[in-house]
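Fold the following.
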Amino acid sequence: VAPATAMAERGIRFGLGTDGTRGDGFRLADAAEFAQRIAYGLTTGDSSCGAGWTWLEHATAGGADAVGLGARTGTVAPGLAADFLLVDLTNPELALSWDVPWELVRRGNRDQITAVFVAGRLRLWHGRPVGWDGRALVRRAAELARTAVERAPITRAHPTSAQARQRSAAL
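Sure thing, here's the model as predicted:
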């Protein structure tokens, strides 16, 4: 876990990212803040570890800046790529908030995203693609993936979680 709050205090550029399977930006921001709290905050008594804005900033504009794209994207501003989300703030997790950035980090979730815009164009509405059949794409991708995995010479080093559970229950 990088010392992100110390890096932010010193003006060091960084963004949030992962080489793992976390495909939800809200969950990634929450995981980053939580890891920071476990690794550094608990020892110093800092239970906010930079506050919500720190994590949202480094997941958006700070992340774009850190990878050299800050002049093109990362914020909603004239002349920049208009990539943004519309988030429903009326859901139970966010409607009663006194600190929306914190709630987005700690309680934000992909099912609260109403719309996704890329380059100023609506791409997803309530989780569904606009203008093409997303379900058909997923069905076809799943079919091709199953075929590819069945043909691949895969040696599994660890059992699947279901197999591990069965083995554990059998003991």
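
SS state for residue 115?
strand (DSSP: H, G, I helix; E, B strand; the rest coil).

where along the chain do the helices fall?
4-9, 25-36, 42-44, 51-59, 61-66, 92-95, 100-107, 134-151, 161-170 (DSSP state H).

Of all the residues in the first one, which ones are buried?
With burial defined by 16 or more other Cβ atoms under 10 Å, the residues of helix 4-9 counted as buried are 4, 5, 8. For every residue, glycine as well, the C-beta is placed using N, CA and C.

could you measure the residue sitting nearest the centre point of the chain against residue 148, distance?
The structure's the chain has its C-alpha centroid closest to residue 25; by Cα atoms, centre = their mean the separation is 1.5 Å. Distance, residue 25 to residue 148, using Cβ to Cβ, to the nearest Å: 28 Å.

before we move on, the earlier item: kindly indicate which of the buried residues of helix 4-9 lies nearest residue 137.
residue 4 (35.6 Å; Cβ to Cβ).

Low-confidence stretches in this protein?
The model of the chain has pLDDT under 70 over residues 18-23.

Most distant residue from the centre of it?
Per Cα atoms, centre = their mean, the most distant residue from the centre of the chain is residue 171 (37.7 Å).

Name the member of the buried residues of helix 4-9 with the shortest distance to residue 133.
residue 4 (40.1 Å).

So residue 87 is in contact with residue 112, correct?
Yes: using Cβ atoms under 8 Å, residue 87 and residue 112 qualify as a contacting pair, with a distance of 5.5 Å.

Now for those two: what residues contact both?
residue 94 (Cβ atoms under 8 Å, 6 or more residues apart in numbering).

just to revisit the earlier point, got TSV for the helices of the chain, with distance to residue 117 too?
What follows is those, written out as TSV (distance: least, Cβ to Cβ, whole Å):
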stretch	distance to residue 117
helix 4-9	28
helix 25-36	14
helix 42-44	38
helix 51-59	17
helix 61-66	16
helix 92-95	20
helix 100-107	17
helix 134-151	16
helix 161-170	36
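
Tell me which of those helices sits nearest to residue 77.
helix 61-66 (9.5 Å).

Show residues contacting that closest one.
13, 14, 15, 16, 17, 58, 70, 72, 73, 74, 75.

how about 10 Å then?
8, 12-17, 25, 54-58, 69-77, 80-81, 83 (Cβ atoms under 10 Å, 6 or more residues apart in numbering).

do the same with stretch 31-48
1-6, 15-18, 20, 22, 24, 49-52, 54-56, 58-59, 99, 102, 105-106.

switch the cut-off to 8 Å
1, 3-6, 16, 22, 49-50, 52, 54-55, 58-59, 105-106.

Pull out the buried residues from those.
Judged by 16+ other Cβ under 10 Å, buried ones among the contacts of stretch 31-48: 4, 5, 16, 49, 50, 52, 54, 55, 58, 59, 105, 106.
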